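Engineer: let me see the structure of the following:
(3 chains)
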Amino acid sequence: MNGASLLDIKNLRTSFRMSDGVVQAVRGVSLSVRRGEFLGIVGESGCGKSVTMLSVMGLLPENAAMKADVLAFDGKDLLRASPREKRSIRGDEIGMIFQDPMTSLDPLYTIGNQLMEPLRIHAKMSAREAARRAAEMLEMVGISSPASRLKQYPHEFSGGMRQRVMIAIAMSCNPKLLIADEPTTALDVTIQAQILELMKEMKEKSGTAVALITHDLGVIASVCSRVAVMYGGLIVEEGECGAIFYDPLHPYTKGLLASISGMGDGKRKKLAPIPGSPPDLMNPPDGCPFTARCAYAMKICAAASPRFTNIGGHSAACWLLRERRAA
Amino acid sequence: MRKKFDMFPAPPIDAFGGGIPDDLFEPLPEERRESGAINRESVSYWGQARAKMVSDPLAMSGLAVITLMILLAMFGPVIRPFSYDEQNYLVINQTPDAEHWFGTDKFGRDLFVRVAYGARISLTVGIVAAFVNVTIGVIYGGISGYFGGTADMIMMRIVDIMDTIPTLLYIIIVMIFLGSNVRIVIAALCISYWLNTSRMVRAQILSIKGQDFVMAARVAGESGWRILTRHLIPNSIGPIIVMVTFLIPQAIFYEAFLSFIGIGIAVPVASWGTLANDSLSNMNTYPHLTVFPLAAISITIFAFNFVGDGLRDALDPRLKR
Amino acid sequence: MSEELLGVRDLKTHFAVRDSSPWFGACRILKAVDGVSFGIGRGKTFGLVGESGCGKTTVGRTILRLYRPAGGEIVFGGTDLAALSEREFFPYRRRMQMIFQDPFTSLDPRQTVGEIIGAPLSIHGLAPTRAARAERVRELVGMVGLRSDHIGRYPHEFSGGQRQRIGIARALASMPEFIVCDEPVSSLDVSIQAQIINLLEEFQERFGLTYLFISHDLSVVRHISHRVGVMYLGVMVETADVDELYGNMLHPYTKSLMSAVPTADPEIAKTRRRIILEGDVPSPLDPPSGCPFRTRCREAEGVCAERNPRLTDVGSGHMVACHKVELQRKTAGETRSPSFEISK
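Structural biologist: Next comes the predicted model:
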């Protein structure tokens, strides 16, 4: 086990019971988040990236079931933690921000109320102390005249402002890990730029590790230091940001990069999309989930799941690499 | 009921260990690639709803009870050699036996036949009132929601004003002025019963009208009538059906209640409410006279509610996979 | 420039917004689109970009007469559509179509794929017999890359990308000349976006289609468009041919918008200078005086609050609405402001 790792996940599996079967949203994910790093988890909708982190947080809906070999946060075993311990870890040591800033704040309470609550509960501050800290936090996330803003209600804030407030709430107890689930997807690009800049700044100031879940490779490239690529409920590739973008190993990552690189360079040439659609996780394919769409697919790919091949700290699960190493 | 599923099916085992045969590294044949084919069986909305409904034991038992009640209403009075108003002073206040299945009342009338006859009245009142109300509600709410604007404003304010007087008060006023028979009970129920229906239909139409596929229909050049009949109504029919199944037991309840307090169906005609009222004076000595009509009322209302719940789940607009 | 198929002149779309109470609420006018002009050549793509609430979607819908224009002209093939009655407009419904953003709400869940794609055929009398209609539906389904055994299926059985293909087949059914593509790839996954864009480009080439491509995604717009317009708060702030606009953007809003787009290249992301705009877009119910962008513009001056800048040609069809640019041009003749590269 890596001494520097903050969150350790080994062989996590999460399934959802539906009316006509079981959706295996996460099918054996092993991942670790290191202290103070900016990890990006990238993948398309339904690849299991959000479910992975919701499983870690214990925020799964009722029809879900999860199991894992290891699920440890900062030396604490989350699999054996009592609901009470989990709650305290959730508010105090792991902060979380969600995609939709419009619904993640309670419309009935003032911004100040919602900011001060975790401070009172987890950090056990007095009302006055909490109010001071709340104002500080608002200022830190770039909201001007924080004293008067604290008395306002969420509907008086715009989308970008609310996401700032969410960040302030998540960061107020100085968490060791901040999980951000598509934090900028619902925002306009100019606002997205503000929020990304803010997250980067907050991370640098506080040393908090960030796990950023997104489908947007551009967002990953602008803030993350390490990247995990997910597909069909599995991690298919993991490595330093530069390695993923400049030397992708998995055909899915290659395809993803190829399908966007044609855009935005001003040339009207044909794009190189990945054919087909992602697999149906109610009946996941045997073997590699990408087989059906992969241009390099071999018979082995449909028969058995490839293991991870590590090439200088950069690893991918692909049968092609096994061959490459053998050769 | 929930089916049992294996939540964590075992992943395919990597059976090769070290030695993988070389021929497995040949390219995958084209036909094993993504073809866009959908392997699941195609199911329409109604097909899916039917399957869900059939798999719901409560709803199905409710449906069975309703069917039994309808059969009882149709054939109950025929299969026994008594009529509902035939008095026989030789057999008064009898407990159930082979001759009189549910016993007899204080005039020696056969209670089984009277309960079966009551089923005719209660079911007729419930079903007819529910359908008349839904028809009015759908037309009124549909027009209001579809045209919107000023028409909608005025129509909904009329509904608001009418709604300030309680339903029961309307019914009592009508019955006092027009007397009481089955038709008048139904008419009375129809006066204000549709108000909520029209509100719901309007809301339904408004929400569907705002969806992209209606805009797509306008872009395609579909006329207002076609949009209404091909898109708005088919998409709101599910919730409307659910509403009908909940309105029927309500109407049955109202009728029984009115008859019970003595302003509904008049004696000697037997509705469940009248029967219950009749039996009150002797309830301590002859409890079966109260039990059978009350059981009929509650079993029927339960059955309709179960069917309604089942339909609501089956016709849920959010199509879950 | 090729023959102009669609010309929009000073288009205005206003909505009446009622405050809370249905009885006494005051009616306010929301100027969603307030004087927008542009033209699209036959067989070309005009990209319309801007942030949410800027009015770009409203422009598209007003052109298709889903909203009534409050003013201006929509000249399509020589006829002013804005002046037509609903009945007179009907024939144009065949010639102008739309592709929607959300493939999950734009297909009627109660209809089969065949019914959805076949509807425009029967409405416009394009398939005389049932057999001809079925044949045409099969052809359309094949054209967009679906299988003919999909025809009897319902929308919920398909993935997002496949649904968008159904939407495209429906738009193509009546053989239109012009299609409004309203964010057609925004709700799709990255790997699927490219499939759909390729499909749109293929059909443009094959059938000489003209597109109005509305999107907030600047790189997609750059790829597919011949000419691009940037909207902000109901007005067009800059419009130019695609290479000119992306190579030599002049309006301060365009510059910051472009620089805010994250690039999928970590090295460039590290080194490039981003212009981070402060604050939010003002409410269109209560727009600022003068230039709508002045509340967030770093270069704003007194004149910006006083007068609305007019969209003026700065050469080779590049139009900008900015007092500063105008001023610079007046003082420095034809000198251009330094260009700003956004990607490699």
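
Engineer: where does the stretch 201-344 of chain C dip in pLDDT?
Structural biologist: Applying pLDDT under 70 to the stretch 201-344 of chain C flags the ranges C:332-344.

Engineer: so which bits of it are right by chain A?
Structural biologist: Residues of the stretch 201-344 of chain C lying near chain A by CB under 8 Å from any CB of the partner chain: C:201, C:216, C:218-220, C:222-224, C:242-243, C:246, C:256-257, C:259-267, C:269, C:274, C:276-278, C:280-281, C:343-344. Any C-beta I mention is one placed from the backbone N, CA and C, and that applies to glycine too.

Engineer: residues from the stretch 101-250 of chain B in reach of chain C?
Structural biologist: Contact residues, the stretch 101-250 of chain B versus chain C (CB under 8 Å from any CB): B:153, B:157, B:211-213, B:215-222, B:226, B:230-231, B:234-235.

Engineer: list only buried entries from those.
Structural biologist: Among these, the ones that count as buried by 16 or more other CB atoms under 10 Å in any protein chain shown are B:211-213, B:215-222, B:230-231, B:235.

Engineer: low-confidence stretches in the stretch 101-250 of chain A?
Structural biologist: Applying pLDDT under 70 to the stretch 101-250 of chain A flags no residue at all.

Engineer: hey, which helix is longest across chain A?
Structural biologist: The single longest helix within chain A, with elements called by DSSP state H, is helix A:189-206.

Engineer: list the helices and strands it packs on?
Structural biologist: For helix A:189-206, the contact count by 3 or more CB pairs under 8 Å, 6 or more residues apart in numbering or on different chains; DSSP states H and E identifies helix A:159-171, strand A:177-181, strand A:209-214, helix A:217-223, helix C:252-260 as packing neighbours.

Engineer: now mean neighbour count too, for the ones you listed, in CSV please.
Structural biologist: Listed next are the helices and strands packed on helix A:189-206 as CSV, based on neighbours: other CB atoms under 10 Å in any protein chain shown:
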stretch, mean neighbour count
helix A:159-171, 24
strand A:177-181, 25
strand A:209-214, 25
helix A:217-223, 24
helix C:252-260, 23
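
Engineer: of all these, which one is nearest chain B?
Structural biologist: Nearest of the helices and strands packed on helix A:189-206 to chain B, taken as CB to the nearest CB: helix A:159-171 at 20.9 Å.

Engineer: how about that closest one, does it reach chain C?
Structural biologist: Yes - using CB under 8 Å from any CB, helix A:159-171 reaches chain C at A:160-161.

Engineer: that helix vs strand A:177-181, what angle?
Structural biologist: With axes from the mean of the first three to the mean of the last three CA atoms, to 10 degrees defining the directions, helix A:159-171 sits at 150 degrees from strand A:177-181.

Engineer: still on that earlier bit, possible to save the helices and strands packed on helix A:189-206 as TSV with distance to A:Asn11?
Structural biologist: Compiled in TSV, the helices and strands packed on helix A:189-206 are given as follows (distance: least, CB to CB, whole Å):
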stretch	distance to A:Asn11
helix A:159-171	28
strand A:177-181	20
strand A:209-214	18
helix A:217-223	25
helix C:252-260	39
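
Engineer: which one of the ones you listed lies closest to A:Gln99?
Structural biologist: Among those, strand A:177-181 comes nearest to A:Gln99, with 5.8 Å by CB to CB.

Engineer: does anything pack onto the closest one? Which helices or strands?
Structural biologist: Checking 3+ CB pairs under 8 Å, 6+ apart, strand A:177-181 ends up next to helix A:49-57, strand A:94-97, helix A:189-206, strand A:209-214.

Engineer: make CSV out of those and add distance to C:Arg298.
Structural biologist: Output for the helices and strands packed on strand A:177-181, formatted as CSV (distance: least, CB to CB, whole Å):
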stretch, distance to C:Arg298
helix A:49-57, 37
strand A:94-97, 29
helix A:189-206, 13
strand A:209-214, 29
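
Engineer: and whichever residue of the stretch 101-250 of chain A sits closest to chain B, how far from A:Gly255?
Structural biologist: Going by CB to the nearest CB, chain B is nearest to A:Leu234 of the stretch 101-250 of chain A, at 9.7 Å. Distance of A:Leu234 to A:Gly255, computed by CB to CB, to the nearest Å: 16 Å.
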